[in-house]
Each structure stands twice: as C-alpha cells, then as structure tokens.
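Enquirer: Mind looking at a prediction? Sequence and model below.
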Amino acid sequence: MFRITLGVLTSSILLLALAVLVSGSFISAPKAETRTERRADANVLRYPSGAPQLSALKIAPAAEFPVPLAEPLNGRVTYNENFTARVSSPIAGRIVVLRAQAGDTVKAGDLLAALNSPDLAQAVADLRKAEADEARKKLAFDRAMTLYQGEVIARKDLESAEADYAQAKAETQRAALRLRNLDPRGGVPDADRYLLRAPISGVVADRKANPAMEVRPDTPDPLFVITDPARLWVLIDLPERYLSKVGPGQRVLVEVDAYPGEGFPAKIERVGEVVDPATRRVQVRCAIANPQRRLKPEMYARVTLLADESRKAIRVPNTALVTEGLYSYVFVEKTPGEFVRSRVALAVQDRDYSYVASGLAAGDRIVVAGSLLLNSELESAQ
C-alpha cells in the first residue's frame, strides 16, 4: 500500500514539473519573438502604431544650406540711415495740429504737425521790415544818383546811399533765408502757424509728439522718425580674428528668434576701419531687403558668414546628433514607426547646428528631438 502511494506521489511530481517547463516555454516564446521583430537589423528600430515612444519624438525634413565660414555672430537689425529721416522742429512753439501717427505712410511734403510759434511770427516780421527798408533805401539811392548826375551832391553822398542800399538788400536776403530754412520745401512758411512737413517718403516708425506739446529745437529726441521699412541694416560686431574672411559684397545669412529655422539673405556693405580697443571687434554693416516687413529694427540677430553660396550641405540641429566615440549618427525615419541609425560625416559644427558632408540627403526625415531615447532603445535591444 505504501509503495503504491509513493509511486503515485512520484508520478504527480513528475507531471507537475513537466507542466511547469511547458508553460514556461509558452510564456517566454512571445518575448523572444517581440525582441526579434524590433531589431531585424542592428541599426533599425520598429514601433507599432501608437507606441508611447513615438510621442516623445520630433521629426523634420533635412534641408540644404550654404556652408558657413565660422560660427554665427551676434548682430542687430537697425534702420537704414540712407532712407531714414529724424524730424524735429527747427523753431520753438506749441503743437496745435497733429496729423501723423506711428505706422502711417507719408509722402515727401505731407503735413506732420502744425505749431503756434512766436519765433516764427518774429521771423516773418523781420523779413517784412527788411523788405520795406530795402525799398526805401533803393529810392534814396535812385534819388542820389539823379542828383549826382545833375552835379547837385558830392560823390561821397552817392556812395553812402549806395552802401545803405546794399546793406538793406543783404538784410532782406538774410531774413528770407532764415524763413526758407524753416521749410524743407524751400518756401516761405505762413506767419500764423509753422507747418512741420515730411522731408522724405516712407513710414512713420516712431512719434514722440503729443497734442499741445511744447517743442524746442534742442529737444534730444526727434518728434518723428520716418523710414523705409523695406530696407534695413544689420550691424555685426566682428571679432578681429575673422577680419580676413569678410569684405564688401560678401553674402551672409541672417536669422532671428521670431522666425526659427528661417534665414534671410543679406550682403556686407561696409567694414569698419577701427578695432574697438575694449571688445577687440570691428563693426560690419550689412544691407538686407525686407519687402514683407517681417524684420523689425532693434531685433537681435545671428549672422552667418557664407563661404560660397554654391557650396551647400545638409544642416541639422545638434539635438539630432548622437555621438559614439569618433563617429556621429542621426536617426532617419524610413516609414512611420521605422527608424534607421545612419552614420554621418560633419563638415562644420557650431553652437546650434551641424552641417553634414555625407550620410544624409535633402528631404530625409530625421529625428531632431528624442535621438538619445532611440539610441538607448537600440542599445538595449541589442
């Protein structure tokens, strides 16, 4: 009896062990199959649709850009002073009419503001007095000429009348020029109000004038700034070590924070003649076209010196790169959910971007954020 019970117990134990082995093999089989599916190749990762890893990735197409000479330089967008006028009142007075507002488009000669000015009235009165004195002394000179020809007066009396007449003419010219200098069109302003007019055509970029404001010629800030916003300058503080690499007419690429990833072409106009002794930098001025008025004066900019516009390379953000030893890699999306780690050779690398000499083609969809996650997943899969 005891031998039968022991045999049954032994058989039960053997059956239980066999069941555990069989169930373990069934449980582990799917894991091995999933692992093999995710890495058919040592550099390929595949994820099913809706995998949580995909939400952490940012993918963008690769694009070609001209290869730079050096890392981007700090710059600043400013007015093009060749097409900018800062308008102030040349005479003291009080604003009684204000026509122009910031953002208005004006033409040369358009009214900006009208001022009541006692100084203007005094200048007009001086001209009228000078004209009257000139007319009186001309009559005196003509009379003296007639008397001298009739041998009634001496020659010195004629010369005295002639000198008085010349002085009166000079005073009239002085008073007239004074009034003409107050009018940008070269005319004589009215005595009632001084009309402040636009000297050039453009857009009112800034206005410091307010209704009933008292103005003076020595006011530090201009009342109006009129400029052509389609033409701007970009000023660069160039380190002197790059001075041999730049020259007038050279092309540069301007980038601003308002439009990330977008470059605006510009051209160097002038290179400064003096190195700043404090910063050891030279100011370089670039001209940039702004037909859509997207760039604004006083924007900060990053300016890239271009070696040659015909020499281009794929530009990728540094966040897309994965470095292992001496080599750099990027992940390229072949199909949705499938990523291939590709080795690339870099031509130039700066603070934000790298320029790929080989290993990528324009239009390739690359992972620009999340590359470290994919590389970690690939290493763990291997």
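Expert: Received the coordinates, thanks.

Enquirer: okay, which residue is most central for the protein?
Expert: V77 (4.2 Å; C-alpha atoms, centre = their mean).

Enquirer: Which residue is the nearest non-sequential neighbour of it?
Expert: Once flanking residues are discounted, V77 sits nearest to M299: 4.2 Å by C-beta to C-beta, 6 or more residues apart in numbering. No exception for glycine: its C-beta is placed from N, CA and C like everyone else's.

Enquirer: and the one you found, how many neighbours?
Expert: With neighbours defined by other C-beta atoms under 10 Å, the count for M299 comes to 17.

Enquirer: May I have the residues that are in contact with it?
Expert: Going by C-beta atoms under 8 Å, 6 or more residues apart in numbering, M299 touches 76-77, 256, 258.

Enquirer: cutoff 7 Å now
Expert: 77, 256, 258 (C-beta atoms under 7 Å, 6 or more residues apart in numbering).

Enquirer: Same check on A175?
Expert: 126-127, 130.

Enquirer: Nearest to T279, out of these: which one, please.
Expert: D126 (51.3 Å; C-beta to C-beta).

Enquirer: what's the neighbour count on that closest one?
Expert: With other C-beta under 10 Å as criterion, D126 counts 17.

Enquirer: Please apply the same query to E298.
Expert: Counted with other C-beta under 10 Å, the neighbours of E298 add up to 8.

Enquirer: now do N290
Expert: By other C-beta under 10 Å, 18 other residues sit near N290.

Enquirer: I236 too?
Expert: I236, neighbours per other C-beta under 10 Å, totals 27.

Enquirer: Let me know the distance separating it from R315.
Expert: Distance of I236 to R315, given as C-beta to C-beta, to the nearest Å: 20 Å.

Enquirer: elements contacting the lengthiest strand in the chain?
Expert: As assigned by DSSP state E, the longest strand anywhere in the chain is strand 338-349. If you count contacts as 3 or more C-beta pairs under 7 Å, 6 or more residues apart in numbering; DSSP states H and E, strand 338-349 packs onto strand 44-46, strand 327-335, strand 353-358.

Enquirer: L235 - nearest residue in space that isn't next to it in sequence?
Expert: Using C-beta to C-beta, 6+ apart, the closest residue to L235 is R76 (5.2 Å).

Enquirer: Please name every helix or strand in contact with the helix or strand harbouring that neighbour.
Expert: Assessed by DSSP states H and E, R76 sits inside strand 73-79. Counting by 3+ C-beta pairs under 7 Å, 6+ apart, the packing neighbours recorded for strand 73-79 are strand 231-239, strand 300-305.

Enquirer: Hey, what's the angle from that strand to strand 231-239? Just curious.
Expert: 150 degrees (axes from the mean of the first three to the mean of the last three C-alpha atoms, to 10 degrees).

Enquirer: After strand 73-79, heading C-terminal, what element do we hit next?
Expert: According to DSSP H and E, the helix or strand after strand 73-79 is strand 84-87.

Enquirer: Partner strands of that following strand, with direction?
Expert: Strand 84-87 has its sheet partners listed here by DSSP bridges as strand 224-227 (antiparallel).

Enquirer: So what touches the partner strand?
Expert: Contacts for strand 224-227 (C-beta under 7 Å, 6+ apart): 79, 83-87, 100, 106, 112, 198, 200, 202-207, 209.

Enquirer: Only alpha carbons, please: show it as CSV.
Expert: Coordinates of each C-alpha in strand 224-227 appear next as CSV, following Å, rounded to 0.1, in the frame of the first residue of the first chain:
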residue,chain,number,x,y,z
PHE,A,224,9.1,111.8,-35.8
VAL,A,225,11.2,109.1,-37.3
ILE,A,226,10.4,108.4,-41.0
THR,A,227,12.0,105.4,-42.7
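
Enquirer: Any idea what the nearest residue to T84 once chain neighbours are set aside is bridged to?
Expert: Counting by C-beta to C-beta, 6+ apart, T84 lies nearest to T227, which is 4.1 Å off, once chain neighbours are set aside. Counting by DSSP bridges, T227 is bridged to T84, V203.

Enquirer: burial count for L243?
Expert: L243: 15 surrounding residues under other C-beta under 10 Å.

Enquirer: Could you list the domains of this structure?
Expert: 44-66+312-381, 73-80+228-305, 89-226 (automatic domain parsing).

Enquirer: helix/strand/coil for R351?
Expert: coil (DSSP: H, G, I helix; E, B strand; the rest coil).

Enquirer: For it, list the residues it contacts.
Expert: E71.

Enquirer: how about low-confidence regions in this protein?
Expert: Along the chain, segments meeting pLDDT under 70 span 1-41, 183-191, 308-310, 382.

Enquirer: Which parts of it are helices?
Expert: Assigned by DSSP state H, the chain shows helices spanning 2-38, 118-149, 155-181, 371-381.

Enquirer: Show me the beta-bridge partners of N74.
Expert: With DSSP bridges as the rule, N74 is bridged to R302.

Enquirer: can you count the residues close to it?
Expert: N74, neighbours per other C-beta under 10 Å, totals 13.

Enquirer: List the residues that contact the residue nearest to S160 when sequence neighbours are not counted.
Expert: Spatial nearest neighbour of S160, excluding adjacent residues (C-beta to C-beta, 6+ apart): A144 at 7.9 Å. By C-beta under 7 Å, 6+ apart, the contact list for A144 reads 153, 157-158, 161.

Enquirer: Would you quantify the distance from A144 to A166?
Expert: 13 Å.

Enquirer: who wins for neighbours among the contacts of A144?
Expert: Neighbour counts for these peak at A161, which has 22 neighbours (criterion: other C-beta under 10 Å).

Enquirer: right, and it touches L139 too?
Expert: No - assessed by C-beta atoms under 7 Å, A161 is found out of contact with L139, at 9.7 Å.

Enquirer: about what we covered before: please spell out the PyMOL selection for the buried subset of the contacts of strand 224-227.
Expert: Buried subset of these, written as a PyMOL selection, criterion 16 or more other C-beta atoms under 10 Å:
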select buried, resi 79+83+84+85+86+87+100+106+112+198+200+202+203+204+205+206+207+209
